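>>> how would this look folded up:
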Amino acid sequence: MLKKLSSLSIGLFIIGSVFAQDTTQKVIAGRKNDQSQRNKPYVILISADGFRADFTELYNAAYLKTVATNGVRAKFMTPSFPSLTFPNHYSIVTGMYPSHHGLVNNNYFDKTSGLEYRMGNSKMVGDGKWYGGTPLWVLAEQQKMLSASFYWVGSEAAIQNTRPTYYYVYNDKISIANRIKAVKDWLSLPEEQRPHMITFYMPEVDHEAHTYGPNDPHVAAAVQFVDSSVNALQAELATLHLPINYIFVSDHGMTKVDNDHTLSMPKAIDTAAFRVPWGDALIHLYAKDSSKITSTYNALKNDTTISVYTLNETPSYWHFKKSDDLYNRLGDLIVVPHLPKVFNFSTRKTSLGKHGYDNHHPDMRASFMAWGPAFKKGLTIDDFENVHVYPIVAKILGLDYNEKNIDGRLNVLNTILQPIPITMQGPKEN
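Presented below is the predicted three-dimensional model:
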């Protein structure tokens with residue numbers, strides 16, 4: 001039975017109710033699995049937003065703890081920078097760092113078009129032009145393997161003119177029981193109509209951890225909800241006797257901030273000279289007048305509550321340098337508050353839990369677990385970057401891709417796999 005949350009609002013904290021509450025399944029007609037794809041394994045990629053790496057033990061997620069003996073678990077997974085929802089969900093399914101796939105923040109300015117992308121703008125979120133790379137569902141569909149999505153960043157957009165065969169527009173009205181039923185219905189379809197690549201997103205932990213901070217009983221209840229939901233999903237699908245592989249991830253962790261003494265817009269930033277899209281754990285400054293960059297940088301360096309970077313001096317592991325900025329979307333200056341400080345440019349009190357900080361901070365660590373016939377059992381591995389999930393999923397499904405087009409590398413996680421009795425396409429070397 002699924003455990004109930006006494007006071008959990010089922011909805012993604014950072015997206016909220018910006019999407020219309022459309023609960024109908026979308027189906028792209030006329031597609032079917034190629035004959036060569038019908039005997040391939042299945043992958044269900046599950047994301048529990050904000051499920052910090054230590055939440056499994058901290059809040060006794062009993063089912064997920066069994067992965068330590070029944071599958072593979074990483075000590076933690078390192079998110080991409082910035083440790084935010086949109087950039088990291090899309091990094092996981094493209095194998096690319098945010099500066100390479102284009103979603104450099106939840107909100108950012110696109111210098112080429114002169115438009116500001118906002119995660120709260122449903123029209124923009126559903127427009128494929130904002131999304132670079134080749135998401136796993138697009139990769140599958142291009143090779144005549146059907147895919148399905150019960151929510152994921154980018155899954156509602158026609159990326160490379162392609163959406164999953166089966167998908168839903170994000171909404172908070174469909175119960176977890178009905179979502180599990182939908183996945184079972186997909187996998188009960190005839191072979192030619194059955195999706196092999198499925199994404200499944202759960203917002204509950206992120207919502208509660210934002211609202212109450214990561215050390216609150218509401219978060220414990222949300223973790224228990226996710227744990228019992230994943231257990232219920234695999235129990236329902238076990239009756240189908242299919243070779244289903246589960247990969248459980250999160251996009252980032254969560255930390256407690258000082259929401260009583262927040263940072264306002266630094267006086268050194270002249271908003272007449274810079275565009276400043278909304279942010280709290282970091283902000284991008286886009287110069288309208290490039291002559292103001294140096295003086296503003298020098299003034300901000302005197303503020304001991306923040307760090308300011310030009311794109312030439314950002315940490316290399318952020319992949320946020322000018323040479324990384326493939327879509328011309330990074331700010332001319334990047335400003336990051338020092339924990340527990342956080343920016344708040346609103347008159348309303350900000351939430352107690354936050355993420356988006358340096359992706360190597362322990363509180364930003366994400367989760368990774370995997371189980372099913374493709375994976376070894378009883379294996380604990382060291383940490384790795386989330387861009388390396390992509391090539392493993394592609395290998396399990398036998399999908400061809402060009403390794404030069406992504407940042408993830410197969411050799412990072414290849415040892416977690418059992419020998420798989422399918423012809424592996426693997427990455428192209430040319």
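>>> just checking, residue 284 touches residue 330?
Yes. The pair residue 284 / residue 330 is scored as a contact, 6.7 Å apart, by C-beta atoms under 8 Å. For glycine as for every other residue, the C-beta is placed from the backbone atoms N, C-alpha and C.
>>> Mind listing the shared neighbours of the two?
residue 104 (C-beta atoms under 8 Å, 6 or more residues apart in numbering).
>>> remind me which residues of the stretch 301-430 of the chain are low pLDDT?
Along the stretch 301-430 of the chain, segments meeting pLDDT under 70 span 420-430.
>>> what secondary structure does residue 369 sit in?
Using DSSP: H, G, I helix; E, B strand; the rest coil, the secondary structure recorded for residue 369 is strand.
>>> surely it meets residue 70?
No. Applying C-beta under 8 Å as the test, residue 369 and residue 70 come out as separate, 9.6 Å apart.
>>> Now the residue nearest the centre of the chain: closest residue in space, sequence neighbours ignored.
The residue lying closest to the centre of the chain (C-alpha atoms, centre = their mean) is residue 89, at 1.7 Å. Nearest residue to residue 89, sequence neighbours excluded (C-beta to C-beta, 6 or more residues apart in numbering): residue 153, at 3.8 Å.
>>> For residue 251, see how far away the one you found is.
Counting by C-beta to C-beta, to the nearest Å, the separation of residue 153 from residue 251 is 9 Å.
>>> can you give me the offset of the lengthiest helix in the chain from its chain's centre?
Longest helix of the chain, by residue count under DSSP state H: helix 217-238. On the basis of C-alpha atoms, centre = their mean, to the nearest Å, helix 217-238 sits 19 Å off its chain's mean C-alpha point.
>>> list the helices and strands it packs on?
Using 3 or more C-beta pairs under 8 Å, 6 or more residues apart in numbering; DSSP states H and E, the elements in contact with helix 217-238 are strand 42-48, helix 55-58, helix 62-65, helix 176-187, strand 197-202, helix 204-212, strand 244-249.
>>> That helix relative to strand 42-48, how many degrees between them?
170 degrees (axes from the mean of the first three to the mean of the last three C-alpha atoms, to 10 degrees).
>>> From the recorded domain assignment, give the ranges for the chain.
34-96+133-255+359-428, 274-351 (automatic domain parsing).
>>> Tell me which of those domains is the most buried.
Counting by mean count of other C-beta atoms under 10 Å, domain 34-96+133-255+359-428 has the highest mean neighbour count of the domains of the chain, with a mean of 21.
>>> Tell me which of the helices and strands packed on helix 217-238 lies nearest to residue 336.
helix 204-212 (18.8 Å; C-beta to C-beta).
>>> Format the CA atom coordinates belonging to the closest one as CSV.
Taking Å, rounded to 0.1, in the frame of the first residue of the first chain, the C-alpha atoms of helix 204-212 are listed here in CSV:
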residue,chain,number,x,y,z
GLU,A,204,7.1,15.6,-3.4
VAL,A,205,10.5,15.6,-1.6
ASP,A,206,11.6,18.8,-3.3
HIS,A,207,8.3,20.6,-2.4
GLU,A,208,8.5,19.7,1.3
ALA,A,209,12.2,20.3,1.7
HIS,A,210,11.9,23.8,0.1
THR,A,211,9.0,24.7,2.4
TYR,A,212,10.2,23.3,5.7
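>>> and residue 212, what does it touch?
Counted by C-beta under 8 Å, 6+ apart, residue 212 has contacts 218-219, 352-353.
>>> can you redo these as CSV with distance to residue 245?
Listed next are the contacts of residue 212 as CSV, based on distance: C-beta to C-beta, whole Å:
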residue, distance to residue 245
218, 32
219, 28
352, 36
353, 31
